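**Q** I need the structure of the sequence given here:
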Amino acid sequence: MATKTRSRFVCQECGKQSLRYMGRCPACGEFNTMVEEVIEVSRPGARGGMQQRVVLPNSTPQRLSDVDTQEGQRLRVPMGEFNRVLGGGIVPGSIALIGGEPGIGKSTLLIQVAAMLAQSVGRVLYCSGEESTRQIKMRADRLGLQSDDLYLLTETNLKLILEHVYAIDPTIVVVDSIQTVFTEESESSPGSVSQVRECAARLQMLAKTSGVSVFLVGHVTKEGNIAGPRVLEHLVDTVLYLEGDPFQAYRLLRSVKNRFGATSEVGVFEMSGAGLVEVPNPSEAFLAERNVSAPGTAIAVTMEGTRPLLIEIQALTTQSTFGNPRRTPNGVDYNRLLLISAVLSKRLGLKLHEQDIFVNVVGGMKIDEPASDLAMALALASSYYNQPIPADMAIIGEVGLSGELRTVGQLTARFVEAHKLGFKRVLIPKLRRRAEDVPKGLQLVEARNIGEAMAVAVPKE
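**A** From the prediction side, this is the model:
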């Protein structure tokens, strides 16, 4: 088959291709990310020139009624929080991508999971392109991990990795990380867009054709997104992010894509000398050091996937010494904080235009759900008036621009979690119909707008 070579320029951030060099990528707007790559274009010959396409099993068309919908047996990891994020366990033949900041604990988590699976389901191959087998062994000894069915490999050539996979025939394959793996069929350097895309596609084919479950570790950019082409996240079945404050002990494993379970599911771990230890009751852990009599604190009941969590939101307002007051959020969206501040100023007359505002979510959590709006607003009002919110009250509700309160979903699960942790009252928006399945001993306090909620939670002296 005749071949010819040609050059193209590929953005290393988003994968945009161009025939000429550009200083700024027209797709993502990043500067100096276009890198030249030399590719070979095959010309089909007179006989047998076209390459054969690899076809997945069962690629023949099937009637919808003939497709077997019975779910395969999942591989249970002896770590409940990890199973929760995956949707109940590892699906055979699936491929998952785990990202996170450097040093957050990705390799530590995966070596723990690999050792547990090697003891429970069979052989596991842990392939690292960043560490030697000696370094991995030192980490395993520090964590107290031992298993005869856990195989360590230091290799970056994808062809050799696949040869070892076929020789060992493992149940699970871990590749740490996908940015270090390369294939000789591409002349680009390891970590480039074309290399990451091609290697991920080959590993996906391995998972789908052999039934081996593959875990990939991915680097992240300075914005917190997984580095490489966007197609990398489309290729895999599950995308997980390991989050957390480096100065906090808690780590959150968040699912942002899952073809076999709920998205936005969260597993909570605590970093210790023995590695990542799962936290079975995160709400209790987040509220362990709560100061019940301090102004400016409120308890929000949020949902992370299918799990209700009670989170402490702290707010501080203080007289600004500059002409432009500060708005500093930690764990909440900046624009959401501006919206809540504007509603409090316009609807309740709080003079927040001359106040510096600081909002913090305890425990390193990040809240995106609008159900925490009311708790944030009342925490700000509590700090402004220096009046504490009742210690036995949890708060649920979304705040609209006119100051009205809007109800949220999954109220029953939130009520049960609040009652389990000893709260006697829950402040919620006015319900259209009577709430059902309210735990005995839990009082529901309803409010139509932010003013009524203020009269209940932060009464003026």
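
**Q** who's in contact with Tyr334?
**A** Residues in contact with Tyr334 (CB atoms under 8 Å, 6 or more residues apart in numbering) are Arg327. Heads up, the C-betas are built off the backbone N, CA and C, glycines and all.

**Q** against Ile357, how distant is it?
**A** 11 Å (CB to CB, to the nearest Å).

**Q** spit out the residues that contact those two alike.
**A** Arg327.

**Q** and the helix or strand encompassing Ile161, what does it pack onto?
**A** In this assignment (DSSP states H and E), Ile161 forms part of helix 158-168. Judged by 3 or more CB pairs under 8 Å, 6 or more residues apart in numbering; DSSP states H and E, the packing partners of helix 158-168 are strand 124-128, strand 150-154, helix 193-210.

**Q** who's in contact with it?
**A** Under the contact criterion CB under 8 Å, 6+ apart, helix 158-168 has outside partners 123, 125, 127, 151, 153, 155, 173, 175, 181-184, 199, 202-203, 206, 212.

**Q** what's the neighbour count on Ser18?
**A** 14 (other CB atoms under 10 Å).

**Q** separation between it and Arg24?
**A** 11 Å.

**Q** what about the helices in the stretch 1-150 of the chain?
**A** Per DSSP state H, counting those that start in this stretch, the stretch 1-150 of the chain carries helices over the ranges 80-86, 106-120, 133-143.

**Q** would you mark the buried spots in the first one?
**A** Neighbour-count burial for helix 80-86, with 16 or more other CB atoms under 10 Å as criterion, is recorded at 81-86.

**Q** next one: the last one
**A** Applying a neighbour-count criterion of 16+ other CB under 10 Å, the buried positions in helix 133-143 are 136, 140, 143.

**Q** show residues contacting it.
**A** By CB under 8 Å, 6+ apart, the surrounding residues in contact with helix 133-143 are 107-108, 111-112, 115, 126, 128, 146, 152-154, 273-275.

**Q** show the buried residues in those residues.
**A** Among these, the ones that count as buried by 16+ other CB under 10 Å are 107-108, 111-112, 115, 126, 128, 152-153, 275.

**Q** now Ser194: closest residue in space that isn't a chain neighbour?
**A** With sequence-adjacent residues excluded and distances taken as CB to CB, 6 or more residues apart in numbering, Ser194 is closest to Ser188, at 4.7 Å.

**Q** redo the helices of the stretch 1-150 of the chain as TSV? Include mean pLDDT and distance to Arg425.
**A** Formatted as TSV, the helices of the stretch 1-150 of the chain follow (pLDDT from 0 to 100; distance: least, CB to CB, whole Å):
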stretch	mean pLDDT	distance to Arg425
helix 80-86	93	29
helix 106-120	94	38
helix 133-143	94	44
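
**Q** hang on, the earlier thing: between all of the buried ones among the contacts of helix 133-143, which two are separated the most?
**A** Using CB to CB, the two most remote members of those are Leu153 and Gly275, lying 21.0 Å apart.

**Q** hang on, the earlier thing: who wins for proximity to Ala447 among the helices of the stretch 1-150 of the chain?
**A** Per CB to CB, nearest to Ala447 of these: helix 80-86, 33.3 Å.

**Q** report pLDDT for Asp245.
**A** We have a pLDDT of 78 for Asp245.

**Q** 319 is where my numbering starts, stick with that
**A** Sure, I'll start numbering at 319, so the last one becomes Asp563.

**Q** skip the chain neighbours and tell me the closest residue to it.
**A** Leaving out its chain neighbours, the residue that sits closest to Asp563 by CB to CB, 6+ apart is Gly682, at 3.8 Å.

**Q** ok, the one you found - contacts?
**A** Gly682 neighbours (CB under 8 Å, 6+ apart): 561-563, 566, 568, 570, 649.

**Q** ok, so what distance separates it from Val650?
**A** Counting by CB to CB - Gly682 and Val650 are separated by 13 Å.

**Q** now Arg724
**A** 18 Å.

**Q** the two: which has the busier surroundings?
**A** Set Arg724 next to Val650 and count neighbours by other CB under 10 Å: Val650 wins out with 22 against 14.

**Q** wait, doesn't the more buried one sit right on Asp691?
**A** No. Between Val650 and Asp691 there is no contact under CB atoms under 8 Å: 9.6 Å.

**Q** which strand runs longest in this protein?
**A** strand 625-637 (DSSP state E).

**Q** that strand: which residues count as buried?
**A** 625-635.

**Q** now stretch 698-708
**A** Using 16+ other CB under 10 Å as the test for burial, stretch 698-708 gives 698-703, 705-708.

**Q** let's have the helices of the stretch 319-468 of the chain in JSON lines, adding distance to His552.
**A** Shown next, in JSON lines, are those (distance: least, CB to CB, whole Å):
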{"stretch": "helix 398-404", "distance to His552": "19"}
{"stretch": "helix 424-438", "distance to His552": "21"}
{"stretch": "helix 451-461", "distance to His552": "30"}
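
**Q** among the ones you listed, which comes closest to Glu687?
**A** That would be, of these and by CB to CB, helix 398-404, which comes in at 17.5 Å.

**Q** residues in contact with the closest one?
**A** With CB under 8 Å, 6+ apart, helix 398-404 has contacts from 394-395, 407, 414, 427, 431, 556, 558, 571-573, 576, 578-579, 583-587, 596-598, 623, 625.

**Q** got the CA coordinates for it in CSV?
**A** Extracted in CSV, the C-alpha atoms of helix 398-404 (Å, rounded to 0.1, in the frame of the first residue of the first chain):
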residue,chain,number,x,y,z
GLY,A,398,-18.5,1.1,49.6
GLU,A,399,-17.9,4.7,48.6
PHE,A,400,-16.1,3.6,45.4
ASN,A,401,-19.0,1.2,44.5
ARG,A,402,-21.5,4.0,45.1
VAL,A,403,-19.8,6.4,42.6
LEU,A,404,-19.6,3.6,40.0
